[in-house]
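> one predicted model, sequence on top.
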Amino acid sequence: MINVALVDDHVVVRSGFAQLLSLENDIQVVGQFSGAQQAWPHLLRDAIDVVVLDIAMPEESGLSLLQRLRQQRPGFRAIILSIYDSSAFVQSAVDAGASGYLTKRCGPEELVQAVRTVSVGGLYLCADALRALRQTSQIPQELAELTPREKEIFDLLVNGLSVKAIAAQLDLSHKTVHVHRANVLGKLQCATTVELVHFALQHQLLSSR
């Protein structure tokens, strides 16, 4: 079961999301909060897998709250919700440690998909956010060093698939995927998959859904 908390100062939006998520058998909403001050102690203490944060709240922005949370809990997973879809806002959210970004124009199915993706360590950006990032796309020279198989695995990693899922999709052993992943990390001078995601975001390499 995926435990989700909602932080949004608009009660209608918050309640609507809670009702939507409660329809899913594998998701339960364990907290609803109107702002950062109310949410802070619960987000630190309670067993929450994913928090959906409004980016613009009166007392403190969602990005500021997320940065504080990740100082206390580095693995904290959050989806930023915003009316804005500019590349600057999206990049700022990812830089703050967000695992997902949704605009308020996104459909209900995207919220559910984002929660599931983020809950297993993936990154989810809605189509509006991806389009904004790709507007200034430049293909980095480093990608030319990857073999076709390594490029394939790079694409799957940065779009949220685990090594286990990649092995199953490509019909490879876990060991083989780990070797390819290590090669990709080395050639792109990244230490972790999270750094690969940042590399992909910087160069607008994430595929649209």
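Sure thing, it's come through.
> kindly state the domain boundaries assigned to the protein.
If you go by automatic domain parsing, the domain ranges for the chain are 2-134, 141-202.
> can I get the lowest-mean-pLDDT helix or strand in the chain in PDB? Just the C-alpha atoms.
Here the helix or strand of the chain ranked lowest by mean pLDDT, DSSP states H and E is helix 127-134, holding a mean of 77. Extracted in PDB, the C-alpha atoms of helix 127-134 (Å, rounded to 0.1, in the frame of the first residue of the first chain):
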ATOM      1  CA  ALA A 127       3.600  16.200 -20.600                       C
ATOM      2  CA  ASP A 128       3.400  20.000 -20.100                       C
ATOM      3  CA  ALA A 129       6.600  20.000 -18.000                       C
ATOM      4  CA  LEU A 130       8.400  17.800 -20.500                       C
ATOM      5  CA  ARG A 131       7.500  20.000 -23.400                       C
ATOM      6  CA  ALA A 132       8.800  23.100 -21.600                       C
ATOM      7  CA  LEU A 133      12.100  21.400 -20.900                       C
ATOM      8  CA  ARG A 134      12.500  20.200 -24.500                       C
END
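> which other helices and strands does it contact?
helix 87-95, strand 100-103 (3 or more Cβ pairs under 8 Å, 6 or more residues apart in numbering; DSSP states H and E). All C-beta spots, glycine's among them, are computed from the backbone N, C-alpha and C.
> again, only this time at 10 Å
Judged by 3 or more Cβ pairs under 10 Å, 6 or more residues apart in numbering; DSSP states H and E, helix 127-134 is in contact with strand 78-82, helix 87-95, strand 100-103, strand 124-125, helix 193-202.
> which of the domains of the chain sits most buried?
Among these, ranked by average contacts under mean count of other Cβ atoms under 10 Å, first place goes to domain 2-134 (a mean of 18).
> alpha carbons of the helix or strand containing Q71, in CSV - could you do that?
Q71 belongs to helix 62-72 when assigned by DSSP states H and E. The C-alpha coordinates for helix 62-72 follow below in CSV (Å, rounded to 0.1, in the frame of the first residue of the first chain):
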residue,chain,number,x,y,z
GLY,A,62,6.2,23.8,-1.5
LEU,A,63,9.8,24.0,-2.8
SER,A,64,11.0,25.5,0.5
LEU,A,65,9.2,22.9,2.5
LEU,A,66,10.6,20.1,0.4
GLN,A,67,14.1,21.4,0.8
ARG,A,68,13.7,21.5,4.6
LEU,A,69,12.2,18.0,4.6
ARG,A,70,15.0,16.5,2.5
GLN,A,71,17.6,18.0,4.9
GLN,A,72,16.0,15.8,7.6
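> tell me what angle it forms with strand 78-82.
With axes from the mean of the first three to the mean of the last three Cα atoms, to 10 degrees applied, the angle from helix 62-72 to strand 78-82 works out at 170 degrees.
> and for helix 62-72, what's in contact with it?
Residues from elsewhere that reach helix 62-72 (Cβ atoms under 10 Å, 6 or more residues apart in numbering): 7-8, 35-37, 39-40, 43-44, 51-57, 59-61, 76-82, 89, 92-93, 95-99.
> what packs against the lengthiest helix in the chain?
Counting residues, the longest helix found in the chain (DSSP state H) is helix 174-187. For helix 174-187, the packing partners by 3+ Cβ pairs under 10 Å, 6+ apart come out as helix 148-158, helix 163-170, helix 193-202.
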